[in-house]
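J.: here is my input, please return the structure:
(4 chains)
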There are 2 protein chains.
Amino acid sequence: MGLRERKKEKTRLAILDAALDLFLEQGYESTTVEQIAGAVEISPRTFFRYFTSKDHLVLWFHDHGQEIMLETLASRPADEPAFTSLMHAMRAVLNDIASSTPDETERFLKLRRLMEAHPRLVGLSVARGAETERRLVEAVAARRGVDPEEDQLSHLIVAFASCTMRVGFECPRRDATVPEITRRMAETIELAERSLLPGWDR
Amino acid sequence: MGLRERKKEKTRLAILDAALDLFLEQGYESTTVEQIAGAVEISPRTFFRYFTSKDHLVLWFHDHGQEIMLETLASRPADEPAFTSLMHAMRAVLNDIASSTPDETERFLKLRRLMEAHPRLVGLSVARGAETERRLVEAVAARRGVDPEEDQLSHLIVAFASCTMRVGFECPRRDATVPEITRRMAETIELAERSLLPGWDR
DNA sequence: GTAATCTATGTCAGAGGATGACTTATCACA
DNA sequence: TGTGATAAGTCATCCTCTGACATAGATTAC
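T.: Now for the predicted structure:
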């Protein structure tokens, strides 16, 4: 990685951190891109070269998680039931969080606090989830050897999996720690698996 | 309903119809509020008094469906398993569509075509769904006599139900008719019920 | 029927998000 | 060290959305 690349990554994170702090301090809506840009001493135009929109600041985690899920899914044995594979993919996302640096963890927790304070942002993330689902459906349908357009079960498997993930992330405690969130998530996965008929996702 | 009210409702629908047609003709993004307002001969400012945002045009159906779901849920026997009640609520939405006037049906089908062409709008609707879910969770938790903050199962029941609905609405045929959509939906409901353990939602 | 009131609409000004076109600065590599 | 690539800044502009204020039209009361 050249100097240029490293510098870009540093700027990216600087923008993200400045934005998260400003959002938590004075609210999402009332923070302008101009302020964020000012805080990291770049022009507003440059901000939009790092993040496609103000909303995009909130979606970096989702994008990151999606990548891990797709990778994990591809690495699971093809004959494993699809829902099981998806639950593994989900756990991989958790493991990634658990094994990240303190800086990354802090960002993650700040993002969670932000979303708790601003339900609209949860919606944003969920909306992005719909996009992710389409890709997951394709992967699942391919594994199951069916046409993703026609096979409803593939859609249902992915939909159930992704909403299990969503429910797991909703932690009642205001300032939940990473281990607490992980535990909650594990509970939700277990609950989902106990609710579904064995072999339903074959 | 006074003259004033009726006139307002007429304007509302005129805006909606003009917007849907423009969107389908020339795309969502490339249609401006100014154009829509021009088409129904009102000022852009007035547009925003009828719809809180351009996006809001696309959410009227969701809001309508949500209302029906909440009403139906309230009218179901309290001892019925929650998921079953939610499936009934969903069917009530379908019945409403099936029994609506030709104008309303046309609007619904146009909206579907629009969403097919613009995945972002699907995300929008899904995001609104997250908001709806919160209300449904409260209703379900109340019926089950548990704390909505603590009880994960209530969350999971609602999440599974609402994504069953979403999968059901996704119809592969480009220009599906209402009966086709209804049939598809019924199939999805059946599939979901067959996948879940009897009594999981008690 | 007219006055008083309420409310829907229009006009205007402006903030904030986002993008394109163009220029300037900075880095990378020969 | 010079040259090409690319990151960043500047400027202009579009579009969404909001607040403040004025006006026209409907509703109600007398």
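
J.: in stretch A:26-45, what's buried?
T.: A:Tyr28, A:Thr31, A:Val33, A:Ile36, A:Ala37, A:Ala39, A:Val40, A:Ile42 (16 or more other C-beta atoms under 10 Å in any protein chain shown). (C-beta placed from N, C-alpha, C; glycine too.)

J.: turn these into CSV, including secondary structure and distance to DNA strand C.
T.: Output for those, formatted as CSV (DSSP: H, G, I helix; E, B strand; the rest coil; distance: C-beta to the nearest atom of the strand, whole Å):
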residue, secondary structure, distance to DNA strand C
A:Tyr28, coil, 9
A:Thr31, coil, 7
A:Val33, helix, 4
A:Ile36, helix, 8
A:Ala37, helix, 9
A:Ala39, helix, 13
A:Val40, coil, 15
A:Ile42, coil, 12
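
J.: how about a markdown table for those, with distance to A:Ala89 added?
T.: Output for the buried residues of stretch A:26-45, formatted as a markdown table (distance: C-beta to C-beta, whole Å):
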| residue | distance to A:Ala89 |
| --- | --- |
| A:Tyr28 | 29 |
| A:Thr31 | 33 |
| A:Val33 | 34 |
| A:Ile36 | 33 |
| A:Ala37 | 36 |
| A:Ala39 | 36 |
| A:Val40 | 34 |
| A:Ile42 | 36 |
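
J.: nearest to B:Glu9 among the residues you listed?
T.: Taking C-beta to C-beta as the measure, B:Glu9 lies nearest A:Tyr28 of the buried residues of stretch A:26-45, at 34.2 Å.

J.: quick one on the thing from earlier: kindly identify which of the buried residues of stretch A:26-45 also come near DNA strand D.
T.: A:Ile42 (C-beta under 7 Å from any atom of the strand).

J.: which of the buried residues of stretch A:26-45 sits closest to B:Leu3?
T.: Nearest to B:Leu3, judged by C-beta to C-beta, of these is A:Tyr28 at 42.0 Å.

J.: ok, that closest one - contacts?
T.: A:Leu114, A:Ala117, A:His118, A:Arg120, A:Leu121 (C-beta atoms under 8 Å, 6 or more residues apart in numbering or on different chains).

J.: redo that, cut-off 6 Å
T.: A:His118 (C-beta atoms under 6 Å, 6 or more residues apart in numbering or on different chains).

J.: could you do A:Gln26 as well?
T.: With C-beta under 6 Å, 6+ apart, A:Gln26 has no contacts at all.

J.: what ranges does chain A have for its helices?
T.: Secondary structure of chain A by DSSP state H: the helices cover A:3-26, A:33-39, A:44-50, A:56-75, A:82-98, A:102-117, A:119-144, A:152-169, A:178-195.
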